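J.: Coordinates for the following, if possible.
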Amino acid sequence: MTDLIHTIANSLDSGTVIPYLGPDMLSLCSDVQVPATPLALAESMTVKVSVPHKIRKRLTQAAQFIENFKHRKSVVHLMNEAYASSPAPSPLHKVLAGSAAQLWVDTWYDDTFAKALSQTPGEWTQVQGLSQSEHFGDWVAAYGSDGTLLPDMPATAERLLYKPLGSHSPASNYLVSDSDFVEVLTEIDIQTPIPAAVQAFRSGRSFLFLGCRFDDQLTRCFARQIMKRSSDQHWAVLPEEPTRMEARFLQEQNITRIAMPLAQFSEALIAALQVDATA
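T.: Reported below is the predicted structural model:
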């Protein structure tokens, strides 16, 4: 396992690995005041708006009900309230942001990793997925490191943060309801919603999945399409025993499972990077 972690550290140093971050990255942060799981987010929304009991714990369905019977603005308002706080980046967030990686994929709604990037020298671009109910015909929007909307989508970028589900900052873009995902999933197989810069940069590179689970079809579909045409070597820190469908996904995508708690992996990776830096 030590050799594997050093291999990943070397890949980060050389910029040949793409960190792919999930909701559980928030478990590494202190004083987290934002929902850190789909269930927690669903509960934060449905405690404020009444929805049928059978969908209260189903995030996309609950959001869709609110969108249908209240308004899309109600969904955005609830999401803004849920993610108004921005947790302080963990040491792993900071190390990844300061690494030689040039593309990061962040699949949750909080602003933590963007904050980590803002604490590193240099410019970076953030690209967020857009809801078709609010931005029909536009799949993504690009923002400068200062939060300014960019007039053109960059074909390439030296440092790019890709938020396929959107994020709280800078413009409250969210993919969260059933209809949001239906629209994207009808096009994602032909790569339409995935920015050209992401498609170009992933070629030949490996992905490192951190804080992710693949125990539902939605997360597997997004990961599969985002990593399409990349390297044939990837890693996922997954301490829990994989479900049958997760195990099949890992095998299909040539993802090596690292059966280690994320906090323990974080410590080991940071130590390996420090060793490499002094070697």
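
J.: buried ones in the longest helix seen in the chain?
T.: In the chain, taking DSSP state H as the definition, the longest helix is helix 262-278. Under the neighbour-count criterion of 16 or more other CB atoms under 10 Å, helix 262-278 has Leu262, Phe265, Ser266, Ala268, Leu269, Ile270, Ala272, Leu273 buried. Every residue, glycine included, has its C-beta placed from N, CA and C.

J.: Pipe the residues you listed into CSV and attach distance to Leu160 per row.
T.: Putting those into CSV (distance: CB to CB, whole Å) gives the following:
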residue, distance to Leu160
Leu262, 24
Phe265, 24
Ser266, 23
Ala268, 27
Leu269, 22
Ile270, 23
Ala272, 25
Leu273, 21
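
J.: Out of those, which is nearest to Leu39?
T.: Leu262 (18.2 Å; CB to CB).

J.: Let's see the pLDDT reported for the closest residue to the closest one other than its chain neighbours.
T.: Nearest residue to Leu262 in three dimensions, chain neighbours excluded: Val237, at 5.5 Å (CB to CB, 6 or more residues apart in numbering). If you check Val237, the pLDDT there is 98.

J.: got it, and the one 4 residues further on?
T.: The score at Glu241 is 95. That number is its pLDDT.

J.: so Ala101 makes contact with Ile18?
T.: Yes: using CB atoms under 8 Å, Ala101 is in contact with Ile18, at 6.5 Å.

J.: the more surrounded of those two?
T.: Neighbours around Ala101 and Ile18, counted as other CB atoms under 10 Å, are more numerous at Ile18. The numbers are 27 against 21.

J.: so that one bridges to which residues?
T.: Under DSSP bridges, the beta-bridge partners of Ile18 are Phe207.

J.: need the contact list for it.
T.: Ala101, Leu103, Trp104, Val105, Phe201, Arg202, Arg205, Ser206, Phe207, Leu208, Ser230 (CB atoms under 8 Å, 6 or more residues apart in numbering).

J.: from the residues you listed, which single one is nearest Lys73?
T.: Nearest to Lys73 among these, counting by CB to CB, is Val105 at 28.1 Å.

J.: Okay then, goodbye and thanks.
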